[in-house]
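Asks: Structure for this input, please:
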Amino acid sequence: MDNNIFQLYVAGVDLLGNRAIKNMKLFCEKNFINNYNLEIVDIEKNPEMAIKNRINAIPTLIKIKPLPEVRIIGDLAEVDQLAADLGF
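Replies: Next up is the predicted model:
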């Protein structure tokens, strides 16, 4: 079972979203190896998920587990800041 669960909301294929996906995958592989689940949610294909989770900007990362839930907006390029924001 994955101890670190994330959702990353993007909108279709765009530079900022692609950068956020790449940065988060690298961050997870470096810090959690195979102990994470990263779900990429394209709000163009799944608008109901964006509404349900009150996504107001993209890309948005939600750390679901471990608690507390954390939301980060942007391309996730600042690795040290990302780790601090996520509480790691």
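
Asks: okay, CA-based contacts and neighbour counts for the rest of this
Replies: Noted.

Asks: burial count for Asn46?
Replies: Using other Cα atoms under 10 Å, Asn46 has 12 neighbouring residues.

Asks: ok, now how distant is it from Leu38?
Replies: Look at Asn46 and Leu38: by Cα to Cα, to the nearest Å, they are 16 Å apart.

Asks: now the helices for this protein?
Replies: 15-32, 47-52, 79-86 (DSSP state H).

Asks: mean pLDDT for the ones you listed: which is lowest?
Replies: Lowest mean pLDDT within those: helix 79-86, at a mean of 91.

Asks: Tell me how far it lies from the chain's centre.
Replies: Centroid displacement of helix 79-86 relative to its chain, using Cα atoms, centre = their mean, to the nearest Å, is 12 Å.

Asks: Would you mind listing the buried residues in that helix?
Replies: By neighbour count on 16 or more other Cα atoms under 10 Å, the buried set for helix 79-86 is Leu82, Leu86.

Asks: Just want the angle from that helix to helix 15-32.
Replies: 80 degrees (axes from the mean of the first three to the mean of the last three Cα atoms, to 10 degrees).

Asks: Please name every helix or strand in contact with helix 79-86.
Replies: Secondary-structure packing of helix 79-86 (3 or more Cα pairs under 8 Å, 6 or more residues apart in numbering; DSSP states H and E): strand 70-73.

Asks: Indicate each strand paired with the strand it packs on and its parallel or antiparallel sense.
Replies: strand 60-65 (antiparallel) (DSSP bridges).
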